[in-house]
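**Student:** when you get a sec, could you give me coordinates for this:
(2 chains)
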Amino acid sequence: MNDFFLGMSLALGLLVLVCLYRGVGGPGFLNRLVAINVIGTKIVVILATMGFIYQRIDMFVDISLVYALLNFIGTLTAAKYLERRGMV
Amino acid sequence: MILEILSGLLILAGLFLFASGTLGLLRLPDFYCRMHATGKCDTLGALFALLGLAVYHGFSPVSLKILFIVVFIFLANPTATHAIGRAALVNRVQPWTKESSSNAPSVASSEEEEK
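**Tutor:** Model (predicted):
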């Protein structure tokens, strides 16, 4: 089962790298914002999987929870800034 | 043994949804279309993958925390997607249509030919 978790987190990391293409070169600010949101959601799952790989799930689940909170707050802050100030 | 198979199936379903969301993010033509693909596929993919991890771990406070992450993502991810879409709509980003991409150059060129 450990190999399965390792393969799962490797596949998710590959998907993050593919998403990073849209995050770096995507036209405009909004495409990058959507790509960062998607990458953050994938990182939350990767962190929870890493807890099972290293046998320290009681620690990694807290890190994963905090990452989910920070991802949500960051995306919401950038979206509200764009809404008030207009497109950069 | 049954629980391991069940958690493996849930994780594979989550990986499939993540992959389809990434495909939509790369291939769809417009910002709104990309947001439509990722906003749903990522939420359900995270739900399935984290639920598979919780089923594998069994019943404990840790799996309750994982379920709390699932509930939080299920509330927060559509909210963030809605905020981004609203910011785009307030700033008057025009949605992609079939006419605006494929026919617009030909229409412009025909107008120039008429002139």
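**Student:** now do the helices in chain A.
**Tutor:** Along chain A, counting by DSSP state H, helices occupy A:2-25, A:29-53, A:57-85.
**Student:** go on, chain B?
**Tutor:** B:2-27, B:31-57, B:61-90, B:98, B:104-114.
**Student:** point out the most buried one among those helices.
**Tutor:** Compared across these, helix B:31-57 shows the largest average neighbour count, a mean of 22 (mean count of other CB atoms under 10 Å in any protein chain shown). Where you see a C-beta, it was placed from the backbone N, CA and C, and this is true even at glycine.
**Student:** residue contacts, A:Leu30?
**Tutor:** A:82, B:31, B:84, B:87-88, B:93 (CB atoms under 8 Å, 6 or more residues apart in numbering or on different chains).
**Student:** B:Val90 is in contact with A:Glu83, correct?
**Tutor:** Yes: with contacts counted by CB atoms under 8 Å, A:Glu83 reaches B:Val90, the gap being 5.1 Å.
**Student:** on that earlier part again, nearest to A:Arg56, of the helices of chain B?
**Tutor:** Counting by CB to CB, A:Arg56 lies closest to helix B:61-90 out of these; the figure is 10.5 Å.
**Student:** so where's chain B shaky on pLDDT?
**Tutor:** Along chain B, the model assigns pLDDT under 70 to residues B:101-115.
**Student:** chain A now?
**Tutor:** Where chain A drops to pLDDT under 70, the residues are A:87-88.
**Student:** grab the most central residue of chain B for me.
**Tutor:** What sits nearest the mean C-alpha location of chain B, by CA atoms, centre = their mean, is B:Thr38, with 1.5 Å.
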